[in-house]
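In: my questions concern the predicted model and sequence given below.
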Amino acid sequence: MTNILITGSTGFIGNKFLGSLDKSKFSIRLLGRSKVSGHKNHICDFEKESIPQTAFDNVEIVVHLAGYAHSNKNSKEIEKKNMFLNYDVTKKIIEYSINANVKKFIYLSSVKSSEYNSNKEINTEEDVYEPKNSYGKSKMKAEMFLRKKCEKTNMKYIILKPSLVYGPNVKGNLRAMKNAIALGYFPPPPAINNMRSMIHVDDVVNAIHLVMTKVEAHNETFIVTDNNAYSTRMIYESICYSINKKPTKLSIHKVFYEIFSILFPFMKNKIQKIINSEYYSSKKINTIGFEPKKSLNDFNISEY
């Protein structure tokens, strides 16, 4: 039986991952601020308490899913929170894992750890550019620290960088978009040929399981998508169908979004997410056996 420690098990992805584990194969312990019944818990509020080193005793695999996200603000307070929870806490967990002779460390990062290069049609793991916001910077810094530490130890690392994740109880921009569409407040996007990558939460979980068992995944970084390119219009229509709302054939021209972002600068980032492309390749993880099972074609109320 493999001893595994999971952080962030009550989060959007963590909850799904925890539920997918076979208790006959894994001895599971959890590190986080909330207790989960039926498991061995090490309770710790990362912002207020020191991480208990005993949580890492005899652990073979650490799956680090905890982090801070879903803030569109770039204030000093948010910047400080990103750097502490996504970098400082991750750094400490990596150090404790190495000291406890953990064999494998799986880190859930994000495609946002590198700025998207719009001059290329599709970005890969080789496209590494300094992120503009504090969330991306904190994730990039954590990735760099993990790689550097593992160069000097026997602990193997795997970094997973999912694209935009959707699924039941999703948070962030997709949740806001769904709510706005349901209330009739979301302006129908134009049928422009922008391309965005997405992945269902269940397939993120499948990717974690894959790299847990694949030797080829050791000391590697993988972008994870469902291999499809979605326009914002496609995403809009899929959400409409998922809530039994007929999408309107009308649309707001792209130029109006651009004018709106000039008139209301505080909305610029959100508007860019609507009209710009963010298209990534997951060919690398596909070569070691990853096959996504879901796509927006399966997008319905239960899958959302």
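Out: On my side now, so go ahead. Residues are numbered from 1 along each chain as shown.

In: residues contacting E278?
Out: Contact analysis of E278 by Cβ atoms under 8 Å, 6 or more residues apart in numbering lists V111, Y116, S163, L164, M195, R196, S197. Yep, even glycine has a C-beta here, placed from its N, CA and C like the rest.

In: out of these, who's the most crowded?
Out: Ranked by the number of neighbours (other Cβ atoms under 10 Å), the contacts of E278 place S197 first, at 25 neighbours.

In: in the stretch 51-200 of the chain, which spans are strands?
Out: Ranges of strands within the stretch 51-200 of the chain are 61-64, 104-108, 156-162, 164-166, 198-200, based on DSSP state E, counting those that start in this stretch.

In: mind putting those strands into JSON lines with mean pLDDT?
Out: Converted to JSON lines, these look like this (pLDDT from 0 to 100):
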{"stretch": "strand 61-64", "mean pLDDT": "98"}
{"stretch": "strand 104-108", "mean pLDDT": "98"}
{"stretch": "strand 156-162", "mean pLDDT": "98"}
{"stretch": "strand 164-166", "mean pLDDT": "91"}
{"stretch": "strand 198-200", "mean pLDDT": "95"}
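
In: winner for burial among these?
Out: When those are scored by mean count of other Cβ atoms under 10 Å, the highest mean neighbour count falls to strand 198-200 (a mean of 25).

In: who touches that one?
Out: Contacts of strand 198-200 from elsewhere in the structure, counted by Cβ under 8 Å, 6+ apart, are 162-167, 224-226, 228, 230, 235, 292-296, 298, 303.

In: farthest-separated two in the contacts of E278?
Out: Using Cβ to Cβ, the contacts of E278 span at most 13.4 Å, a distance reached by V111 and M195.

In: select the longest helix from the chain.
Out: Secondary structure of the chain per DSSP state H: the longest helix is helix 134-151.

In: got any ranges where the stretch 51-200 of the chain has weak pLDDT?
Out: Along the stretch 51-200 of the chain, segments meeting pLDDT under 70 span 70-74.

In: can you rerun that using 80?
Out: Residues of the stretch 51-200 of the chain meeting the criterion pLDDT under 80: 70-74, 169-173, 187, 190.

In: follow-up on the earlier one: A176: which of the contacts of E278 is nearest?
Out: L164 (12.8 Å).

In: now that closest one. Nearest residue, chain neighbours left out?
Out: Closest residue to L164 apart from its sequence neighbours, by Cβ to Cβ, 6 or more residues apart in numbering: M198 at 4.7 Å.

In: how near is that neighbour to Y129?
Out: Distance of M198 to Y129, computed by Cβ to Cβ, to the nearest Å: 21 Å.

In: try F222
Out: As for F222, its distance to Y129 is 18 Å (criterion: Cβ to Cβ).

In: more neighbours: which of these two?
Out: Set side by side, F222 and Y129 show more neighbours around F222, with 23 against 13, by other Cβ under 10 Å.

In: show me what whichever helix or strand that one is part of is packed up against.
Out: If you go by DSSP states H and E, F222 is part of strand 220-224. Where contact means 3 or more Cβ pairs under 8 Å, 6 or more residues apart in numbering; DSSP states H and E, strand 220-224 is packed against strand 156-162, helix 201-213, helix 283-286.

In: go again with 7 Å.
Out: Helices and strands touching strand 220-224, by 3 or more Cβ pairs under 7 Å, 6 or more residues apart in numbering; DSSP states H and E, are strand 156-162, helix 283-286.

In: okay, those in TSV with distance to K48 next?
Out: TSV is the format used below for those (distance: least, Cβ to Cβ, whole Å):
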stretch	distance to K48
strand 156-162	28
helix 283-286	36
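
In: of all these, which one is nearest M144?
Out: Nearest of the helices and strands packed on strand 220-224 (Cβ to Cβ): strand 156-162, 10.2 Å.
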